[in-house]
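Asks: A predicted structure for the sequence below; I have some questions about it.
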Amino acid sequence: MGVKSVGVVGAGTMGCGIAAMACLGGYPTRIQDPDADVLGRAQETAAAALAKGAGRAWSEEDAERGRGLLSTVAGIDGLAGCDLIIEAAPERLDLKQALFADLAAACGAETILASNTSSLRVADIAARTPEPERVVGMHFFNPPTRMQLVEVVATDASTPAALEAATEVVERMRRTPIRAKDSPGFIANRLARPFFLESLRMLAGGVADATTIDRVYRLGGGFRMGPFELIDLIGLDVNLSVARSFYEQGGRPERWRPSAIQAEMVEAGRLGRKSGEGFYDYREGRHRPDDPDLDIEAPSVDPGQLARIDPAAGEILPRLFAQIANETAFAREEEVGTPADMDTAMRLGFNWPLGPVGISELIGAGRAAALLKDLRQDHGEAYAPAASLLPATGG
């Protein structure tokens, strides 16, 4: 099931970025979009993405060769003959199901169909597709020309041949593939849940304000951005929508309950950078000063080092790390991916200084379990431990 040509459905920013990387991998690539104006700009957009990376991530010659491999087609029928088709359409299940049914009708039974979905189950997308065994997920991170990570998602029906072919394409694109189970958020977005939700719980509980929590994460945790800066960048409305999707798809676990604070801010129109105000005010330039150099070996859970940042830092980071350890334990129990792929996902997908397995080892199972036990007594079931952590709680 070797792939010799690639099709991409959707000529938006993501679709053009995926198409550019397919061309860079040496694949003749066709891009399709129902909007004629968007499609008319596709080659220019993809060429610009290739040119931007030339001399930095790949050579000028590679970029020039890639530009010559891209073509556009107006209809789905124009993708017939492609060995792999990657869908990058809006995140609507009904739209994607209809699109995959149309692709299956237009293309041969041997064509591998892949979805770039980040929030829908791939098996649900494939529900109306003949030969669902040839359907996989290929979740690229935005922008695909800069972000190294691609989650190759396996449904219960996906064949090893289809998964291996998709993985080979990712590697030829010069990206890093990891294998993920078809479950809510796959690996990276799932393991990022505590980074956002525990931070919001600490804010709601008065542990510290958003500015302090962000500063502790940067200086003590080694994260490039704090959670509230990142939510502002993503958009509070977008981040809240993702949180609600996780909560519903996961069966409403208390640890994934969306934050009331965030919902109130969205209702008030405070959406982050795009509205000028979120957790920070962006209307007058820089939203925060530079961090001081405190000579901390981050990430750290050492009380002495953390005390240099803020008196609350000794509570903030251990709580975050305990919840990361807990979510990692749940993910390992559910076999959503290998431990190595979990660490790769968070280092490449979210620029974490350590992967979640590394963070779990840093805080240690005993300390994490004891902290979760105390927090559960005080704050409820958001801190219920994974079964594999129960021995460490003595419960």
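Replies: Yes, it's here.
Asks: so where do the strands sit in the chain?
Replies: With strands called from DSSP state E, the chain shows them at 6-9, 29-32, 70-73, 84-87, 112-115, 135-140, 149-154, 176-181.
Asks: looking at the ones you listed, which is buried most?
Replies: strand 6-9 (a mean of 30; mean count of other C-beta atoms under 10 Å). Where C-beta positions appear, they are placed from N, C-alpha and C, glycine not excepted.
Asks: quick one: strands adjacent to it?
Replies: Paired neighbours of strand 6-9 in the sheet (DSSP bridges): strand 29-32 (parallel), strand 84-87 (parallel).
Asks: re the thing from before, make JSON lines out of the strands of the chain and add mean pLDDT and distance to G304.
Replies: Listed next are those as JSON lines, based on pLDDT from 0 to 100; distance: least, C-beta to C-beta, whole Å:
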{"stretch": "strand 6-9", "mean pLDDT": "98", "distance to G304": "52"}
{"stretch": "strand 29-32", "mean pLDDT": "97", "distance to G304": "55"}
{"stretch": "strand 70-73", "mean pLDDT": "96", "distance to G304": "56"}
{"stretch": "strand 84-87", "mean pLDDT": "98", "distance to G304": "50"}
{"stretch": "strand 112-115", "mean pLDDT": "98", "distance to G304": "48"}
{"stretch": "strand 135-140", "mean pLDDT": "98", "distance to G304": "41"}
{"stretch": "strand 149-154", "mean pLDDT": "98", "distance to G304": "35"}
{"stretch": "strand 176-181", "mean pLDDT": "98", "distance to G304": "36"}
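Asks: export these to a markdown table and tack on distance to V238?
Replies: Formatted as a markdown table, the strands of the chain follow (distance: least, C-beta to C-beta, whole Å):
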| stretch | distance to V238 |
| --- | --- |
| strand 6-9 | 22 |
| strand 29-32 | 25 |
| strand 70-73 | 29 |
| strand 84-87 | 20 |
| strand 112-115 | 19 |
| strand 135-140 | 16 |
| strand 149-154 | 19 |
| strand 176-181 | 21 |
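Asks: nearest to L93, out of those strands?
Replies: Nearest of the strands of the chain to L93, taken as C-beta to C-beta: strand 112-115 at 10.5 Å.
Asks: helices and strands around the closest one, which ones?
Replies: Applying 3 or more C-beta pairs under 8 Å, 6 or more residues apart in numbering; DSSP states H and E, one finds that strand 112-115 contacts strand 84-87, helix 93-106, strand 135-140, helix 160-172.
Asks: swap the cut-off to 6 Å and go again
Replies: Where contact means 3 or more C-beta pairs under 6 Å, 6 or more residues apart in numbering; DSSP states H and E, strand 112-115 is packed against strand 84-87, strand 135-140, helix 160-172.
Asks: pipe the ones you listed into JSON lines and attach distance to S275 per row.
Replies: As requested, these are arranged in JSON lines below (distance: least, C-beta to C-beta, whole Å):
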{"stretch": "strand 84-87", "distance to S275": "30"}
{"stretch": "strand 135-140", "distance to S275": "27"}
{"stretch": "helix 160-172", "distance to S275": "35"}
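Asks: thinking again about what came up before, nearest to R252 among the strands paired with strand 6-9 would be which one?
Replies: Of all the strands paired with strand 6-9, it is strand 84-87 that lies closest to R252, at 28.7 Å by C-beta to C-beta.
Asks: quick one, domains of this protein?
Replies: Using automatic domain parsing, the domain parsing of the chain gives 6-182, 189-393.
Asks: and the last one, how far from the chain's centre?
Replies: The chain centre lies 15 Å from the centre of domain 189-393; the measure is C-alpha atoms, centre = their mean, to the nearest Å.
Asks: same question for the shortest one.
Replies: Using C-alpha atoms, centre = their mean, we find the averaged C-alpha position of domain 6-182 to lie 17 Å away from the chain's own average C-alpha position.
Asks: distance between the ends of that domain?
Replies: Counting by C-alpha to C-alpha, to the nearest Å, you get 23 Å between the two ends of domain 6-182.
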